[in-house]
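**Q** Provide a 3D model corresponding to the input given below.
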Amino acid sequence: MHSIPYTLALWAGLSAIAPQASAQAHLYPDRPVTLVVPFSAGGDADVAARNLSVVVQRTMGQSLIAVNRAGAGGAIGSLAVQGAKPDGYTLLLARVGSQVVLPALQKGLDYKWDSFTFLGLLELNPVVCAVHSESGYKTMADLVNALRAKPGKLNYSTTGPATILNFGPQLLFDVLKLGKNAAVPVAYKGGGEAAMAVLSGDVDFSCGNLTSMIGNIKGGKLHALMTTTPERLKDLPDVQTAREAGYPELETVIGWSALYGPPGLDKEITNRWVNTLAAAAQDAQWTAATEKAGSIPRVMKPADTRKFASDQYQVYERLGRELQIELK
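**A** Take a look at the predicted model:
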């Protein structure tokens, strides 16, 4: 039987652990934080990470170092963060492709859409449906009427079956109850090529990221019919939203960036990031940099971010099932 002094010593040792952990969280961060970007440098995810790092340096007084770990559609970087120590020093720049589309379409994936600690949404990346400026389709209603009148005759550019450029038109066809073959998809290597296909007249329309088309839209070479953003874009004030066009369901098809942590992240550390993102939302420099990149600042709290991701996951899971798209 243990003596009383031994028992007291044991209790003293145990009671010291909680304050020490709490103190560590309270002092967080006391060294640079690594932000894993699961895509290559130069893309929307990379730009979002570097814009956030500037705010973090000013708000937290520590560096947020973006590290690109691209590959497998964002799965490599995502897995690295999922398996990281939940101490707040390894975070993830989450994207719609890696955190929603992959979990919805790849059954053997080693993480799920909710395998992380949600810290907050950062921004929305607008998707715009556009045609050649000399096209006869001047409004979204014109394009919809053509799809109804000539099923399977029009074509559109994509970057593959499991990408935003394919899901946008397919969700439109689904809403219109026209079937997945309402128009013919033509695949290209990237968003830039997909936009050029509209310019060259190789395809009738495309629904892709604004960043790939904004220059030609502003230059008068492409004509934007609709954006999937909740409100009209500052850069394209005359272009109606999906909701205004009568298709609010298409708001789901939109790019986004968010901040995630490993599962089991300390609540106090989570709160530090919630406060930091709230500060970013009020930061004129961060807002300007985000808008300059063609994105819409849209900071959300963890619970709202979780619901946002859940709603997106359900749409892509259903579309993938109905279109029989499964990633290997």
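**Q** C-alpha from now on. contacts and neighbour counts both.
**A** Fine.
**Q** what about the top strand by length along the chain, average pLDDT?
**A** Using DSSP state E, we find that the single longest strand of the chain is strand 117-125. Averaging pLDDT along strand 117-125 gives 96.
**Q** now stretch 242-255
**A** Stretch 242-255 comes out at a mean pLDDT of 92.
**Q** What is the distance between it and the centre of its chain?
**A** On the basis of C-alpha atoms, centre = their mean, to the nearest Å, the separation between the geometric centre of stretch 242-255 and that of its chain is 16 Å.
**Q** same check, this time on stretch 249-265
**A** Counting by C-alpha atoms, centre = their mean, stretch 249-265 comes out at 5 Å from the chain centroid.
**Q** Also stretch 281-292?
**A** 17 Å.
**Q** Other residues contacting the one helix or strand L102 maps to?
**A** L102 is part of helix 102-105, with elements assigned from DSSP states H and E. For helix 102-105, the surrounding residues in contact (C-alpha atoms under 8 Å, 6 or more residues apart in numbering) are 73, 75, 109, 111-113, 162, 313-314, 316-317, 320, 325-327.
**Q** Closest to L124 out of those?
**A** The nearest member of the contacts of helix 102-105 to L124, counting by C-alpha to C-alpha, is Y313 at 15.9 Å.
**Q** What is the burial count for the nearest residue to the closest one once chain neighbours are set aside?
**A** Excluding the flanking residues, the one nearest Y313 by C-alpha to C-alpha, 6 or more residues apart in numbering is V100, at 5.1 Å. V100 has 23 neighbours, counted by other C-alpha atoms under 10 Å.
**Q** Packing partners of the longest strand of the chain?
**A** Packing contacts for strand 117-125, counted by 3 or more C-alpha pairs under 8 Å, 6 or more residues apart in numbering; DSSP states H and E, involve strand 255-261, helix 267-281, strand 296-297, helix 302-323.
**Q** Partner strands of it, with direction?
**A** According to DSSP bridges, strand 117-125 forms sheet pairs with strand 255-261 (antiparallel), strand 296-297 (antiparallel).
**Q** CA atoms only: put that strand into PDB for me.
**A** Only the C-alpha atoms of strand 117-125 are listed here, as PDB (Å, rounded to 0.1, in the frame of the first residue of the first chain):
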ATOM      1  CA  THR A 117     -10.100  21.400 -36.800                       C
ATOM      2  CA  PHE A 118     -12.000  24.200 -38.600                       C
ATOM      3  CA  LEU A 119     -10.500  27.600 -37.800                       C
ATOM      4  CA  GLY A 120     -12.300  29.800 -40.400                       C
ATOM      5  CA  LEU A 121     -13.100  30.500 -44.000                       C
ATOM      6  CA  LEU A 122     -10.900  33.200 -45.600                       C
ATOM      7  CA  GLU A 123     -12.200  34.000 -49.000                       C
ATOM      8  CA  LEU A 124     -14.300  33.000 -52.000                       C
ATOM      9  CA  ASN A 125     -12.900  32.600 -55.500                       C
END
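**Q** Past that strand, which element shows up next along the chain?
**A** strand 127-132.
**Q** and that next one, what other elements does it pack with?
**A** Judged by 3+ C-alpha pairs under 8 Å, 6+ apart, strand 127-132 is in contact with helix 191-199, strand 205-209, strand 222-227.
**Q** For T287, find the nearest of the ones you listed.
**A** Nearest to T287 among the helices and strands packed on strand 127-132 is strand 205-209; the distance by C-alpha to C-alpha comes to 19.0 Å.
**Q** So for the helix or strand following the closest one, what gets flagged as buried?
**A** Later in the chain than strand 205-209, the nearest helix or strand by DSSP H and E is helix 210-218. Using 16 or more other C-alpha atoms under 10 Å as the test for burial, helix 210-218 gives L210, T211, S212, M213, I214, N216, I217.
**Q** and what of stretch 151-168?
**A** Residues of stretch 151-168 classed as buried: 152, 154-162, 164-168 (neighbour count, 16+ other C-alpha under 10 Å).
**Q** what's near enough to touch the nearest residue to Q62 once chain neighbours are set aside?
**A** Closest residue to Q62 apart from its sequence neighbours, by C-alpha to C-alpha, 6+ apart: P32 at 5.5 Å. By C-alpha under 8 Å, 6+ apart, P32 lies in contact with Q62, S63, L64, I65, Y89.
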